[in-house]
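1. dropping the sequence and predicted coords here.
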Amino acid sequence: MRRAIGQLPGHFVFRRADQKSALFFGFPCTWCCVMCAKVAVKQGGSMRVFGAFALGTVIFCGAAFASTAEFNQRLGACGATTERAKRAVCFEALARDAVGELSKQQVAAAPATASPSKYADFISKAKTNITRDFKDSSSVQWRNTYVSDNKFPVLCGEINAKNSYGAYVGFRKFYATSEPMLQQIADPEDSFVMDKTWPRMCTVITEQVD
């Protein structure tokens, strides 16, 4: 076992594996390595416990370090330590550092949560206003919607709703505000009003909705 551990840096050089697997398995297994090292120290550097700890460190701890060379160098230094207790302490320090690095990587890899829109309440109210007379407002479809806030917020985009027969009529341009009286849905047969008001209401894209 002593010889095998001494040869680890030369014959068992760590190669970075799949990052997701390393993050998923690395933290708990590396922590187990720390616990193994503690037991090894308390038992005066038991070679059986120490060997299991060293193997676990090679497999799981290496993924935590950005530099493979740094890990292999530190691993070699620990393996070259002749005194059992000091060798176990060295590996424990290596595993502890790996735990810290894996924690940082897990935080960095976590998806960022989108901050709530300051227009959230307005968007909800505008959608309610524009669909208040629909027969089935729950089936309404939206696309290319955005908030245009020039002098006051306006919800602009395209809307699709069902008719009395339960069939969708097709997407049409619309704009809506927090006031039910100030809103418009394009009429395919008479686009004059929408053509005149759309440029004034929806020219500025302040915030994309969907």
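-> That came in fine, so what should we check first?

2. any regions of the chain where pLDDT drops low?
-> Low-confidence segments of the chain (pLDDT under 70): 1-68, 99, 102-103, 105-115.

3. quick one, strands of it?
-> 141-149, 153-160, 172-176, 183-185, 207-208 (DSSP state E).

4. turn these into a markdown table, including distance to Val193.
-> For the C-beta atoms, the positions are set from N, CA and C on the backbone; glycine is no exception. Converted to a markdown table, those look like this (distance: least, CB to CB, whole Å):
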| stretch | distance to Val193 |
| --- | --- |
| strand 141-149 | 17 |
| strand 153-160 | 15 |
| strand 172-176 | 11 |
| strand 183-185 | 6 |
| strand 207-208 | 25 |
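
5. out of these, which gets nearest to Lys104?
-> strand 207-208 (32.1 Å; CB to CB).

6. can you tell me the strand partners of the closest one and which way each runs?
-> strand 141-149 (antiparallel) (DSSP bridges).

7. C-alpha coordinates for the partner strand, CSV please?
-> Presented in CSV, the C-alpha positions along strand 141-149 are these (Å, rounded to 0.1, in the frame of the first residue of the first chain):
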residue,chain,number,x,y,z
GLN,A,141,-52.8,32.9,-26.2
TRP,A,142,-50.1,35.7,-26.1
ARG,A,143,-47.0,36.3,-28.2
ASN,A,144,-44.5,39.1,-28.9
THR,A,145,-45.8,41.0,-25.9
TYR,A,146,-43.8,43.8,-24.3
VAL,A,147,-44.3,46.8,-22.1
SER,A,148,-43.9,50.2,-23.9
ASP,A,149,-43.4,52.9,-21.3
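
8. in it, what counts as buried?
-> Buried positions in strand 141-149, judged by neighbour count with 16 or more other CB atoms under 10 Å: 142, 145-148.
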